[in-house]
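Trainee: coordinates only, no sequence provided:
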């Protein structure tokens, strides 16, 4: 009954490969996010989807492509992986109720290592 | 967009002492300020939050204060315990930013027995 689940938990791959990370939430939230946490622990927003529509796309290389088949899922596909992509990627979800913001729930993270 | 500054980056205290972590934000429209705790190898988890219509909130040993005029908010942990050791993140959310959380850079808190 995990609220936000992402797979895989660990991903080791070679430079140049293409990989995907999957995320699912069962909280009924309408907004999902991808955050990147680098080696210095900084949590940086990459993408935000509301009801399957992209609402935020920060300065992220276009090798990163999010896909939301429905509002319970937000997957992240990465093409042509580079060493600098190594990080922990967190999926999160929340319920938008403007003007009131709500708590974001995080998945367990995917540690991506590019070798 | 929103910018959140967090200080200090590391904080070492003795068990039983108090710890204070401070954050400032830039977007005056921000109205939600959560604090997350991230233990080593784990996901960030909410420990306390405050909304812009409240100046202070307490939950047992933790409290958060908000000064909207100065655009800063703080986390206070009293009677610290070794299990409080973790990275703490402040965040701010603004309706003008689609309510997405912008995080500070984190504070690594180490509580020594």
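Mentor: It's in. Worth saying up front: this structure is predicted, and the values here are computed from it rather than measured.
Trainee: who in chain B is up against chain A?
Mentor: Chain B comes close to chain A at residues B:31-32, B:34, B:38, B:42-46, B:49, B:51, B:87, B:89, B:93-95, B:97-103, B:105-106, B:108, as judged by C-beta under 8 Å from any C-beta of the partner chain. From N, CA and C alone the C-beta is placed, and that goes for glycine too.
Trainee: give me the buried entries from those residues.
Mentor: Neighbour counting by 16 or more other C-beta atoms under 10 Å in any protein chain shown classes B:31-32, B:34, B:38, B:43-44, B:49, B:87, B:89, B:93-95, B:97, B:99-103, B:105-106, B:108 among the residues of chain B next to chain A as buried.
Trainee: least confident secondary structure element in chain A?
Mentor: Ranked by mean pLDDT, DSSP states H and E, the weakest helix or strand in chain A is strand A:53-57, scoring a mean of 80.
Trainee: packing partners for that one?
Mentor: strand A:43-50, strand A:64-70 (3 or more C-beta pairs under 8 Å, 6 or more residues apart in numbering or on different chains; DSSP states H and E).
Trainee: residues contacting residue 34?
Mentor: Using chain A. The contact partners of residue A:34, taken as C-beta atoms under 8 Å, 6 or more residues apart in numbering or on different chains, are A:23, A:45, A:46, A:47, A:66, A:74, A:76, A:89, A:90, A:91, A:92.
Trainee: you answered for a different chain; I wanted chain B.
Mentor: The contact partners of residue B:34, taken as C-beta under 8 Å, 6+ apart, are A:103, A:104, B:46, B:48, B:49, B:50, B:90, B:91, B:93, B:101.
Trainee: make JSON lines out of those and add secondary structure.
Mentor: Shown next, in JSON lines, are those (DSSP: H, G, I helix; E, B strand; the rest coil):
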{"residue": "A:103", "secondary structure": "coil"}
{"residue": "A:104", "secondary structure": "coil"}
{"residue": "B:46", "secondary structure": "strand"}
{"residue": "B:48", "secondary structure": "strand"}
{"residue": "B:49", "secondary structure": "strand"}
{"residue": "B:50", "secondary structure": "strand"}
{"residue": "B:90", "secondary structure": "strand"}
{"residue": "B:91", "secondary structure": "strand"}
{"residue": "B:93", "secondary structure": "strand"}
{"residue": "B:101", "secondary structure": "strand"}
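Trainee: and these, which is closest to residue B:27?
Mentor: residue B:93 (9.3 Å; C-beta to C-beta).
Trainee: thought the closest one was touching residue A:101?
Mentor: Yes: the criterion here is C-beta atoms under 8 Å, and residue B:93 meets it with residue A:101 at 3.8 Å.
Trainee: out of the contacts of residue B:34, which is nearest to residue A:56?
Mentor: Using C-beta to C-beta, residue B:101 is the member of those that lies nearest residue A:56, at 10.9 Å.
Trainee: ok, what's across the strand from that closest one?
Mentor: residue B:93 (DSSP bridges).
Trainee: so which strand or helix has the closest residue to residue B:83 other than its chain neighbours?
Mentor: Nearest non-adjacent residue to residue B:83, counting by C-beta to C-beta, 6 or more residues apart in numbering or on different chains: residue B:111, 7.9 Å away. Assigned by DSSP states H and E, residue B:111 belongs to strand B:107-112.
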